[in-house]
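[1] 3D, please:
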Amino acid sequence: MTAARRLLSVNVARPTPIEIDGRQVMTAIRKRAASSAAQPERLAVAPLGIDGDEQTDLTVHGGLSKAVYAYPHEHYKVWQTMRAQAGVQSWDDDLPFGMLGENLTITGLLESDVWVGDLLKFPDCTLAVSEPRQPCFKFQAVMGFKQASKMMAQSGYCGFYLAVREPGTIAAGDSFELIAGPREVSISELFANKMRRRDV
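    Below is the predicted model:
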């Protein structure tokens with residue numbers, strides 16, 4: 001039986017500086033909930049992303065094909081355990097939504113279940129799956145332990161980028177329907193191929 005496909009949180013950030021290896025780097029990876037179960041505010045979704053969200057390096061994130069980043073909440077417990085083992089958080093602390101840098105914290109849809117060209121149809125907008133996210137040095141810095149990028153590469157817990165097919169609004173609590181596209185390559189397959197072609 002398929003788990004309910006639902007949006008748990010909508011997360012946004014504007015660029016702020018963080019220190020990485022002794023230098024200041026601008027990033028908007030530190031997303032925080034702007035729409036949650038407690039406050040399910042509807043946020044505008046435009047072709048270049050969600051209202052209140054920005055990106056700093058458009059060669060990696062953002063643009064029309066990578067306007068929105070979704071991440072399965074099912075993986076959160078793994079990251080919580082890894083961070084606790086690394087001593088950067090308590091075993092009992094839950095990761096806040098947006099911790100993986102995602103705009104949409106979703107449940108009921110994993111990387112192995114979604115293919116490039118599939119559509120996520122929400123009540124008031126439609127998003128198209130474009131490609132997997134790749135781990136970067138900013139992700140590793142925010143996660144707080146040196147093996148974070150390697151962990152993402154080996155696990156395949158990458159999440160995926162979305163283009164905005166039909167603009168509108170979105171809010172925590174929205175359910176969504178997965179509409180199959182051409183089904184030529186899955187996000188899991190594409191991510192594995194990309195990781196084989198790079199050193200993490």
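
[2] hmm, who's touching stretch 193-200?
    For stretch 193-200, contacts defined as CB atoms under 8 Å, 6 or more residues apart in numbering pick out 132, 134-135, 149-150, 152-153. To be clear about C-beta, it is placed using only N, CA and C from the backbone, and glycine gets the same treatment.

[3] Ok, stretch 61-69 next?
    Outside stretch 61-69, the residues touching it (CB under 8 Å, 6+ apart) are 45-50, 54-55, 101-104, 127, 130-131, 133, 159-164.

[4] So among those, which ones count as buried?
    Listed as buried from the contacts of stretch 61-69 are 45, 48-50, 55, 101-104, 127, 130-131, 133, 159-164; burial here means 16 or more other CB atoms under 10 Å.

[5] Which ones among these lie within helices?
    Nothing among these maps onto helices, per DSSP state H.

[6] Most neighbours among the contacts of stretch 193-200, which one?
    Counting neighbours by other CB atoms under 10 Å, M152 leads these with 26 neighbours.

[7] correct me, but that residue touches C158?
    Yes: contact status for M152 versus C158: in contact at 5.8 Å, counting by CB atoms under 8 Å.

[8] Find the residues that touch each one of the two.
    P135.

[9] give me phi/psi at the residue lying closest to V185 once chain neighbours are set aside?
    Using CB to CB, 6 or more residues apart in numbering and skipping the chain neighbours, the partner closest in space to V185 is V116 (5.4 Å). Backbone torsions of V116, given as degrees, to the nearest 10, read phi -60, psi 130.

[10] Quick check: V116 touching L190?
    Yes: V116 lies in contact with L190 (CB under 8 Å); the separation is 6.5 Å.

[11] Next, show the common contact partners of those two.
    E131.

[12] Show the low-confidence segments of this protein, by residue range.
    For the chain, applying pLDDT under 70 flags the ranges 1-2, 199-200.

[13] got a list of what the residue nearest to V185 touches?
    Neighbouring residues of V116 by CB under 8 Å, 6+ apart: 129-131, 181-182, 184-187, 190.

[14] how far away is it from Q24?
    Distance of V116 to Q24, given as CB to CB, to the nearest Å: 35 Å.

[15] now do I50
    26 Å.

[16] Skip the chain neighbours and tell me the closest residue to S90.
    A84 (6.7 Å).

[17] so that neighbour sits in a helix?
    Yes: secondary structure assignment places A84 in a helix (DSSP: H, G, I helix; E, B strand; the rest coil).

[18] Just give the number of residues close to it.
    Counted with other CB under 10 Å, residues neighbouring A84 total 14.

[19] Same check on E111?
    Neighbour count for E111, taken as other CB under 10 Å: 23.

[20] Give me the phi and psi for it.
    phi -60, psi -30.

[21] my read: it touches M152, true?
    No: between E111 and M152 there is no contact under CB under 8 Å: 10.9 Å.
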